[in-house]
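Chemist: Mind folding the following:
(4 chains)
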Number of protein chains: 2
Amino acid sequence: MNPPPESLRADAQQNRSRILDVARKALTADPEASLNSIAKLAGVGPGTLYRHFPNRGALVLEIYRQEIQQMVDLAPALIAEHPPLIALRLWFDRMAYYGRIKHSVADALHAVMNESIQGETYGPMVGAIGQLLRAGEQAGVIRQGVDAEDLLLLMGFLWRTPPGHDGEVRTERLLDLVVESLKAPPSA
Amino acid sequence: MNPPPESLRADAQQNRSRILDVARKALTADPEASLNSIAKLAGVGPGTLYRHFPNRGALVLEIYRQEIQQMVDLAPALIAEHPPLIALRLWFDRMAYYGRIKHSVADALHAVMNESIQGETYGPMVGAIGQLLRAGEQAGVIRQGVDAEDLLLLMGFLWRTPPGHDGEVRTERLLDLVVESLKAPPSA
DNA sequence: ACCTGAACACCGTTCAAGT
DNA sequence: ACCTGAACACCGTTCAAGT
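Modeler: Got it, this is the predicted structure:
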């Protein structure tokens, strides 16, 4: 799927793809694997790795890009074979699959930290949201049975909104959408 | 808000909070600031920093915990002062504020990488989602005007779902919820 | 044109010595 | 009981020397 540029010499192309293969496995196993250790596993000198990928980010990015490319190619394929709503659902299912097995190296890089943070903060945050939901339920303005953890998870987009004015507008729109979906149906 | 444990000697308490203050600023400015440099800025030896926080994660976690605590305390305060739906909205507004200024150090740690990844993958992913949405619009089963970027942002919870069976169930439930909200209203 | 691998500055982490 | 700071193994990165 992203063949190494043909402009490279044959041995350079081989090195490049062997580095990528090794790096994907090594970084999936241990997100903090050192670049020197990856070079050694790939059987090249550290300088060779740096010739192809000037820094850690460039290497991770290339691995990530290959995975993204798979997702992008999948969309038209699903549209061709399924009704639109099914296609959309299947596409997001695949995205969920990547998230689940942490096959995405970019994501895996954060896993260690997220785990420790999760344990200490998840509970209190869910508790706070639970209070807000219950207050609304008792007042009859929020529908029954909304799960606080679900809502926290869904609200995670807040942490990934692009900076700047556009991001704020988008955030507002999404917040409206979510809050709207929480409202209790008008009573009969 | 999280005063250093009283069991610590007075000078240790001072060191601990000075380290946290310095670390919050330093890590916000540069997510990759070294622990040795933080120790130096705080005017303590590296050993002292490690005595209080055995690794980088522990330090980041403590900073993060202080910020979470603010959010948790805010919930009952808002409930006391506003109608429930307003309280809920204000709380998430505050959460959005943290996301926006990247004041969360945990988040800032990922910023560098996210930026480069963003540029290269955001476009193609939005394009793929756009295709899926348009296919549904043309078939009349997805409502008009849903923004592909909005949807990608909202779907980000997929990357943060906890592993294991519970996570899968929750993911399914949220996917259902989102896909449901995309459906076109039954035509008159 | 590309690769190797020694070398450099710096990192996280430890621990003997101090107070 | 806590702090200091030298020291260690290792990291990312560079670059002269090779083919």
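
Chemist: Distance check, residue A:12 against DNA strand D.
Modeler: 11 Å (C-beta to the nearest atom of the strand, to the nearest Å). C-beta: built from backbone N, CA, C; applies to glycine.

Chemist: swap in residue A:32?
Modeler: 8 Å.

Chemist: Where does chain A get nearest to DNA strand C, residue-wise?
Modeler: Of all residues in chain A, residue A:47 sits closest to DNA strand C, at 1.9 Å by C-beta to the nearest atom of the strand.

Chemist: List the buried residues in the helix or strand where that residue lies.
Modeler: Element membership of residue A:47, judged by DSSP states H and E, is helix A:46-52. Buried residues in helix A:46-52, counting neighbours by 16 or more other C-beta atoms under 10 Å in any protein chain shown, are found at A:48, A:49, A:52.

Chemist: would a markdown table of those with pLDDT and distance to chain B be doable?
Modeler: Shown next, in a markdown table, are the buried residues of helix A:46-52 (pLDDT from 0 to 100; distance: C-beta to the nearest C-beta, whole Å):
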| residue | pLDDT | distance to chain B |
| --- | --- | --- |
| A:48 | 97 | 22 |
| A:49 | 97 | 18 |
| A:52 | 95 | 16 |
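
Chemist: Can you tell me which of these lies closest to residue B:72?
Modeler: Closest approach between the buried residues of helix A:46-52 and residue B:72, by C-beta to C-beta: residue A:49, at 44.7 Å.

Chemist: Leaving aside the residues adjacent along the chain, what's closest to that closest one?
Modeler: residue A:39 (4.3 Å; C-beta to C-beta, 6 or more residues apart in numbering or on different chains).

Chemist: just the helices in chain A please.
Modeler: A:10-29, A:35-42, A:46-52, A:56-81, A:84-101, A:105-139, A:148-154, A:165-182 (DSSP state H).

Chemist: The ones you listed: which one's closest to residue B:184?
Modeler: Residue B:184 lies closest to helix A:84-101 among those, at 9.6 Å (C-beta to C-beta).

Chemist: Let me know the distance separating residue A:144 from residue A:136.
Modeler: Relative to residue A:136, residue A:144 is positioned 10 Å away (C-beta to C-beta, to the nearest Å).

Chemist: Mutual contacts of those two, please.
Modeler: By C-beta atoms under 8 Å, 6 or more residues apart in numbering or on different chains, residue A:144 and residue A:136 have these common neighbours: residue A:184.

Chemist: out of the two, which sits in the busier spot?
Modeler: A count of neighbours by other C-beta atoms under 10 Å in any protein chain shown puts residue A:136 above the other of residue A:144 and residue A:136, at 23 against 8.

Chemist: close enough to count as contact, the more buried one and residue B:85?
Modeler: Yes - if you go by C-beta atoms under 8 Å, residue A:136 and residue B:85 touch, sitting 5.8 Å apart.

Chemist: Next, show the common contact partners of the two.
Modeler: With C-beta under 8 Å, 6+ apart as the test, residue A:136 and residue B:85 both reach A:142, A:182.

Chemist: Poorly predicted segments of chain A, please.
Modeler: A:1-6, A:97-121, A:124-125, A:159-164, A:187-188 (pLDDT under 70).

Chemist: any idea how chain A splits into domains?
Modeler: Following automatic domain parsing, chain A resolves into domains at A:1-54, A:56-188.

Chemist: Return the most buried member of these.
Modeler: With neighbours defined as mean count of other C-beta atoms under 10 Å in any protein chain shown, the domains of chain A peak in mean count at domain A:56-188, which reaches a mean of 16.

Chemist: Let me know whether it sits next to DNA strand C.
Modeler: No - with C-beta under 7 Å from any atom of the strand as the measure, domain A:56-188 is seen stopping short of DNA strand C, the closest distance being 11.1 Å.
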